[in-house]
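>>> have a look; sequence and predicted model below, questions after that.
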Amino acid sequence: MSGGVEWALHCCVALTVARSPASAARLAEMHDVSASYLAKQLQSLARAGLVHSVQGHAGGYELTRDPALITVLDVVEAVDGARPAFTCTEVRQRGPLAAAPERCLSPCSIHAAMTAADEAWRAALRGVSIADLTRNVTVKTGPDTLRRIADWLG
């Protein structure tokens, strides 16, 4: 998973408390990351329909829907794509001891284990929303954190 996922998730949490559209530059400054790098992550979120860009002097980004309806998996797939973490290349059918194709009609145990892990990982991320992350911010970093974020973006 790319580092862009982490930045995108932090931006989504920040946008839950923004009083108006937040610029990529302001979000980048708040997170101490390159504005051009963060803009790429925000553009990925926009292409996926999770945020939209508001043009003009007071423009910036805002969430397109309730944070409870945006999952962590939505953000991961927006930034990194939906491809599985593991791609089977049928190693068992290669080399001098290769299994015959007719003996490989079902996935091998490695493929099955990796697919099950990928499905479990996706289910776990699908079960956590941006609203869940936002609720946990005050527990993890203090009760005034969301107010400070809103004021910063203000």
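Okay, I see it.
>>> what segments of this structure are helices?
Here the chain has its helices, by DSSP state H, at 3-15, 24-31, 35-47, 72-80, 109-126, 130-141, 145-153.
>>> pLDDT score for T141?
What the model reports as pLDDT for T141 is 90.
>>> per-residue confidence at the nearest residue in space to W121 that is not next to it in sequence?
If the residues on either side of it in the chain are set aside, W121 comes closest to A85, at 7.1 Å by Cβ to Cβ, 6 or more residues apart in numbering. Quick note: C-beta positions are derived from backbone N, CA and C, even for glycine. At A85, the pLDDT value in this model is 87.
>>> thinking again about what came up before, quick one: which of the helices of the chain is nearest G95?
Proximity to G95 (Cβ to Cβ) singles out helix 109-126 among the helices of the chain, at 15.3 Å.
>>> next one: L105 from P96, what distance?
Distance, L105 to P96, using Cβ to Cβ, to the nearest Å: 22 Å.
>>> please apply the same query to G81.
Distance, G81 to P96, by Cβ to Cβ: 36 Å.
>>> just A120 next, same as before
Here A120 is placed at a distance of 35 Å from P96 (Cβ to Cβ).
>>> cool, D118 as well?
When D118 is compared with P96 (using Cβ to Cβ), they lie 31 Å apart.
>>> now do E119
When E119 is compared with P96 (using Cβ to Cβ), they lie 34 Å apart.
>>> likewise for M114?
25 Å.
>>> more crowded one of those two?
M114 (17 against 4; other Cβ atoms under 10 Å).
>>> verify the contact between that one and T89 for me.
No - under the criterion of Cβ atoms under 8 Å, M114 makes no contact with T89, lying 11.7 Å away.
>>> overlap of the contact sets of the two?
Shared contacts of M114 and T89, defined by Cβ atoms under 8 Å, 6 or more residues apart in numbering, are absent.
>>> A39 touches A24, doesn't it?
Yes - using Cβ under 8 Å, A39 is in contact with A24, at 4.4 Å.
>>> out of these two, which sits in the more crowded spot?
More crowded of A39 and A24, by other Cβ under 10 Å: A24, with 21 against 16.
>>> contact partners for the more buried one?
By Cβ under 8 Å, 6+ apart, the contact set of A24 is A35, L38, A39, L42, G60, Y61.
>>> and these, which is closest to A100?
Taking Cβ to Cβ as the measure, L42 is the one of the contacts of A24 closest to A100, at 50.4 Å.
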